[in-house]
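Fold the following, please.
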Amino acid sequence: MSTPYASAAPYYARYRPPYPAELYALLVDRFALDGSQTVLDLGAGPGTLSLPLAPLAEHVYAVDPEPAMLAEGCALAEEHGHRNISWLRGDAAGIGRLCLPRIDLCVIGGAFHRMDRTRVPADLDAMLAPRGGIAVVTSLAAAWPAVVDEVRERFLGPDRGTAARAAATRPADGPAEMEEARDVEDHLAKSAFSRVVTTTWERSTRCTPDQVIGLQFSRACSGPALFGDRKDAFESELRRALRDHYPDGTCTRTVTVAATVATRPRR
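Next up, the predicted model:
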């Protein structure tokens, strides 16, 4: 059975922005990645983390419950010549049944809040090497302009539109900015991986109307399947609204990326 991300998968692969290079430099430093390690990407999607990590590891296991996401990732890996990634259908609740080898690093990008945050670190404790650890990566983005919400709600209704807005946006200023990262820290600090450090990077991105529309379709709560035969009408109306709101044709958005690295306490 496919997940709500099935129709969103091609847009997710194409329009979700990559994580900053500083993230991978951090993982190389913290876990001494030199091409000999085994990495698990849990909730991998189309390989947003798996693909950049492939040149840094001996092997990457990309695990996701959605076949369409895995198919997109597999195609991208083939395109970029990454042949050391195994694309496995599964979810966080069943990682122990995948019979994976000893893991040096588990990365989780934007999916930890959908997992059992007590069980997953406990399961990983049995799988990770003594010096291994977990890196949870979250992206905290400024809200979309109001016109995006207004058009989306006209097509999906106020309930679905509100759900989409909550999933698609987070305030990029004030104390709420790091709420999700603090939640990650709290759960990991109570696990066997209680040595927890969070690093953040902030950047501004300029999005064209095509990118704004593609990002709406990349989300489970506003994926193409939800619009049915009104998908093209939604796209046209949103494009027109964006053109009226941004005469120069671009939307600037601030994104904060937080990487929470958790390892076992030193003995």
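
Quick one: residues contacting the closest residue to Asn84 other than its chain neighbours.
In space, and not counting its chain neighbours, Asn84 is closest to His59: 5.1 Å by CB to CB, 6 or more residues apart in numbering. In short, each C-beta sits where N, CA and C put it, glycine included. His59 is in contact with 38-39, 84-86, counting by CB atoms under 8 Å, 6 or more residues apart in numbering.

Of those, which belong to strands?
38-39, 85-86 (DSSP state E).

all helices for the stretch 51-200 of the chain, in order.
Applying DSSP state H, counting those that start in this stretch to the stretch 51-200 of the chain gives helices spanning 67-80, 119-125, 146-168, 179-189.

returning to what we had before: among the contacts of His59, which ones are buried?
Burial by neighbour count, 16 or more other CB atoms under 10 Å: within those this picks out 38-39, 84-85.

could I get those residues as a markdown table with pLDDT and distance to Glu153?
Formatted as a markdown table, the buried ones among the contacts of His59 follow (pLDDT from 0 to 100; distance: CB to CB, whole Å):
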| residue | pLDDT | distance to Glu153 |
| --- | --- | --- |
| Thr38 | 98 | 45 |
| Val39 | 98 | 40 |
| Asn84 | 98 | 44 |
| Ile85 | 98 | 38 |
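
Tell me the one of these nearest Arg154?
Set against Arg154, the nearest of the buried ones among the contacts of His59 by CB to CB is Ile85 (40.5 Å).

How about the closest one: what's its closest non-neighbour residue?
Closest to Ile85 by CB to CB, 6+ apart is Val60, at 4.6 Å.

Could you do Ala57 as well?
Excluding the flanking residues, the one nearest Ala57 by CB to CB, 6+ apart is Val39, at 4.5 Å.

so how far is Pro10 from the one you found?
25 Å (CB to CB, to the nearest Å).

Same check on Ala92?
For Ala92, the distance to Pro10 (CB to CB) stands at 24 Å.

just to revisit the earlier point, could you pull up the residues touching the residue nearest to Ala57?
Per CB under 8 Å, 6+ apart, neighbours of Val39: 50, 53, 56-57, 59-61, 103-107.

mind putting those in JSON lines, pLDDT and distance to Ala126 included?
Shown next, in JSON lines, are the contacts of Val39 (pLDDT from 0 to 100; distance: CB to CB, whole Å):
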{"residue": "Ser50", "pLDDT": "98", "distance to Ala126": "22"}
{"residue": "Leu53", "pLDDT": "98", "distance to Ala126": "22"}
{"residue": "Leu56", "pLDDT": "98", "distance to Ala126": "24"}
{"residue": "Ala57", "pLDDT": "98", "distance to Ala126": "20"}
{"residue": "His59", "pLDDT": "98", "distance to Ala126": "19"}
{"residue": "Val60", "pLDDT": "98", "distance to Ala126": "20"}
{"residue": "Tyr61", "pLDDT": "98", "distance to Ala126": "15"}
{"residue": "Ile103", "pLDDT": "98", "distance to Ala126": "10"}
{"residue": "Asp104", "pLDDT": "98", "distance to Ala126": "14"}
{"residue": "Leu105", "pLDDT": "98", "distance to Ala126": "15"}
{"residue": "Cys106", "pLDDT": "98", "distance to Ala126": "12"}
{"residue": "Val107", "pLDDT": "98", "distance to Ala126": "18"}
